[in-house]
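J.: Quick check, what structure comes out for this input:
(4 chains)
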2 protein chains.
Amino acid sequence: MSTLRLLVSVVVFRLHEETLQVLLCPSLQDWFVPLTEVSASESLEETAQRLLATLLDKRPSYLEQLYTYYDSPEKTGQAAVRVTYYALIPVQANARAEGVGRWYIVHALPDLPPRCREVLSYALRRLRYKLEYSAVGFQLLPEEFTLSELQHTYEIILGERLDKRNFRRRILQAEIIEETTHRRCGEGRPARLYRYRPDAVAEIKARRLFP
Amino acid sequence: MSTLRLLVSVVVFRLHEETLQVLLCPSLQDWFVPLTEVSASESLEETAQRLLATLLDKRPSYLEQLYTYYDSPEKTGQAAVRVTYYALIPVQANARAEGVGRWYIVHALPDLPPRCREVLSYALRRLRYKLEYSAVGFQLLPEEFTLSELQHTYEIILGERLDKRNFRRRILQAEIIEETTHRRCGEGRPARLYRYRPDAVAEIKARRLFP
DNA sequence: AGAATAGTGTCTCTCAGACATTATTTG
DNA sequence: CAAATAATGTCTGAGAGACACTATTCT
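T.: Numbers count the residues shown, from 1 in each chain, chains lettered A, B, ... in the order given. All right, here's what the predicted structure looks like:
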């Protein structure tokens, strides 16, 4: 075990210009999911937060551990254990990326090592899955948002169109957001702004296969 | 990182005498979730399988990674990263446990270190959760089983009673099991034996919070 | 015959999903 | 007033959940 390294990788998601994007770091030829080595007295989650602090100017609004991989010795002869996380970044809280990394649309990724590709694809699956039974989608939006913005968030991540009336009915029934007195003005009729209720029940039971 | 150890723990579940049980190993004062160090050229899952081979006389029918913990230096001054798994063992395939460990009913556990308690409670939560949206329950049963046995499996793990007619209707509708020609004879009317269909769709979509 | 377990059908109520028009603002 | 986006209600069909009796075997 003498040459084993312990690494933490974080898949960072944001919404930008109607797309879901991930942050990748450059290497000599291709790109990587950002990673760093765990240092002496630090927990895994602290390592992930430290890595994020070097990449972004704001803390993520959500951070969750995904999976732990064993990367067998490559050219270097170094074996490594890689604990992966994914992070969600609210809109308008992304900077610092220039120089240390670049945002890529999740459906138009550059060349990546196979393990990075695997990590990304699993992260996206978990994000989609989590979105369906929990309120994690709010973590990608600013504090106040319109119902249309929220619906677009869901459509972008799930990759399908949703019916406006059904969407509104269900999200309001869920009592998970509350009105504010503010409005967002733009091209058409101004939209009412909503806010996530921090006391909301953020998870529902999945429908059982056979109860 | 010089004194960091990489460990794999496995929470082993079985059904026995109408209870859900886990395998624990003895230490000087209390009990532990079985664990071992990852050795040089071995993957994490191989380590878990090797650990299971020292504890049981059969391979598990299911093995899934759960979570990775960082155990900060204890008395020993050794920090350790612990990758946890859970394993399901089919009924009637459990032995070797004497000497190396003991089976405990999940609701009547002995004294355990806090980290082991945390690992166990998370494993149980994940098992329950997985049971609700996938066909993982079959992994705890022998190859052929009656519908009553299957229903009891679900009742034991979920900790609640289920309606017999609804249970049968739904499991048969799901087309996830098939009849065999065999019957199980016992005290009352003999029951038809069923078998899990290996080609069955083993997961369903969760109901969405708000599609 | 009695005890024990297997096996079966119906009704109700909730909720997902499809669908089109009116309302309010800006330029 | 035209363009743009916000906001709103109804109907239908599927499925979850509650519920009680008959069938078959063994002793």
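J.: Determine the longest helix present in chain A.
T.: Ranked by number of residues, the top helix in chain A under DSSP state H is helix A:114-133.
J.: contacting residues around the very next helix or strand once past that one?
T.: Of the helices and strands lying after helix A:114-133 in sequence (DSSP states H and E), the nearest is strand A:144-146. Applying CB atoms under 8 Å, 6 or more residues apart in numbering or on different chains, the contact partners of strand A:144-146 are A:F138, A:T180, A:H182, A:R184, A:A191, A:R192, A:L193, A:Y194, A:R195. Quick note: C-beta positions are derived from backbone N, CA and C, even for glycine.
J.: redo that, cut-off 6 Å
T.: A:T180, A:R184, A:A191, A:L193, A:R195 (CB atoms under 6 Å, 6 or more residues apart in numbering or on different chains).
J.: tell me the average confidence for that strand?
T.: Mean per-residue pLDDT for strand A:144-146: 95.
J.: Then stretch A:47-65?
T.: Rounded mean pLDDT across stretch A:47-65 is 94.
J.: Return the set of buried residues in that stretch.
T.: Counting neighbours by 16 or more other CB atoms under 10 Å in any protein chain shown, one finds that the buried residues in stretch A:47-65 are A:47-49, A:51-52, A:55-56, A:60-65.
J.: same deal with stretch A:20-28?
T.: Across stretch A:20-28, burial judged by 16+ other CB under 10 Å covers A:L20, A:Q21, A:V22, A:L23, A:L24.
J.: Now do the SS call for the residue in chain A that DNA strand D sits nearest to.
T.: Nearest residue of chain A to DNA strand D (CB to the nearest atom of the strand) works out as A:G188 at 2.3 Å. Three-state call for A:G188 (DSSP: H, G, I helix; E, B strand; the rest coil): coil.
J.: Next, count neighbours for the residue of chain A found nearest DNA strand C.
T.: Of all residues in chain A, A:R189 sits closest to DNA strand C, at 2.7 Å by CB to the nearest atom of the strand. Burial of A:R189 is recorded as 7 neighbouring residues (other CB atoms under 10 Å in any protein chain shown).
J.: who in chain A is up against DNA strand C?
T.: A:D163, A:K164, A:R165, A:N166, A:R170, A:C185, A:E187, A:G188, A:R189, A:P190 (CB under 7 Å from any atom of the strand).
J.: circling back to that earlier point, same list (the contacts of strand A:144-146) but as a markdown table, adding distance to B:K130 and secondary structure.
T.: Output for the contacts of strand A:144-146, formatted as a markdown table (distance: CB to CB, whole Å; DSSP: H, G, I helix; E, B strand; the rest coil):
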| residue | distance to B:K130 | secondary structure |
| --- | --- | --- |
| A:T180 | 39 | strand |
| A:R184 | 41 | strand |
| A:A191 | 40 | strand |
| A:L193 | 38 | strand |
| A:R195 | 34 | strand |
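J.: just these that are near DNA strand D?
T.: A:A191.
J.: now A:L193, which residues is it bridged with?
T.: A:T146 (DSSP bridges).
J.: Tell me the pLDDT of it.
T.: A:L193 carries a pLDDT value of 97.
J.: If you rank every helix and strand of chain A by mean pLDDT, what lands last?
T.: Least confident element among the helices and strands of chain A, by mean pLDDT, DSSP states H and E: helix A:97-100 (a mean of 70).
J.: and the next element down the chain from that helix?
T.: strand A:102-105.
J.: What lies in contact with that next one?
T.: Against strand A:102-105 from outside (CB under 6 Å, 6+ apart): A:T19, A:Q21, A:V22, A:L23, A:L24.
J.: Including neighbour count, could the contacts of strand A:144-146 go into a markdown table?
T.: Shown next, in a markdown table, are the contacts of strand A:144-146 (neighbours: other CB atoms under 10 Å in any protein chain shown):
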| residue | neighbour count |
| --- | --- |
| A:T180 | 13 |
| A:R184 | 13 |
| A:A191 | 16 |
| A:L193 | 18 |
| A:R195 | 16 |
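J.: And the furthest pair within the contacts of strand A:144-146?
T.: Across the contacts of strand A:144-146, the longest distance by CB to CB is 13.5 Å; it joins A:A191 and A:R195.
J.: where exactly do the strands run in chain A?
T.: Per DSSP state E, chain A carries strands over the ranges A:5-16, A:19-26, A:31-32, A:35-37, A:62-71, A:80-88, A:102-105, A:144-146, A:177-184, A:191-196.
J.: Can you check what angle separates the second one from strand A:5-16?
T.: Taking axes from the mean of the first three to the mean of the last three CA atoms, to 10 degrees, one finds that strand A:19-26 is oriented at 140 degrees with respect to strand A:5-16.
J.: for chain A, what are the low-confidence residue spans?
T.: A:1-2, A:73-76, A:93-98, A:201-211 (pLDDT under 70).
J.: The residue of chain A closest to DNA strand D: how many residues sit nearby?
T.: A:G188 has 6 neighbours, counted by other CB under 10 Å.
J.: A:L140 too?
T.: Using other CB under 10 Å: A:L140 sits among 24 other residues.
J.: Does it touch A:Y86 like I think?
T.: No - between A:L140 and A:Y86 there is no contact under CB atoms under 6 Å: 11.7 Å.
J.: Look up how far B:T47 lies from A:P198.
T.: Distance of A:P198 to B:T47, computed by CB to CB, to the nearest Å: 41 Å.
J.: err, A:K130, not the other one
T.: The gap separating A:K130 from B:T47 is 28 Å, by CB to CB.
J.: Tell me the bridge partners for A:L35.
T.: Legend: beta-bridge partners of A:L35 under DSSP bridges are A:S9.
J.: burial measure for it, as a count.
T.: The burial count for A:L35: 19, using other CB under 10 Å.
J.: Isn't it up against A:L7?
T.: Yes - the pair A:L35 / A:L7 is scored as a contact, 5.1 Å apart, by CB under 6 Å.
J.: Tell me the bridge partners for the spatially closest residue to A:L63 that is not a sequence neighbour.
T.: Using CB to CB, 6 or more residues apart in numbering or on different chains and skipping residues adjacent in sequence, the residue nearest A:L63 is A:A87, 4.9 Å away. For A:A87, the beta-bridge assignment (DSSP bridges) gives partners A:V12, A:L63.
J.: Spit out the contact partners of the spatially closest residue to A:V106 that is not a sequence neighbour.
T.: Among residues not flanking A:V106 along the chain, A:L20 sits closest, at 5.0 Å (CB to CB, 6+ apart). Taking CB under 6 Å, 6+ apart, we find A:L20 in contact with A:V106, A:I156, A:I157.
J.: let's see 8 Å
T.: A:F13, A:R14, A:I105, A:V106, A:I156, A:I157.
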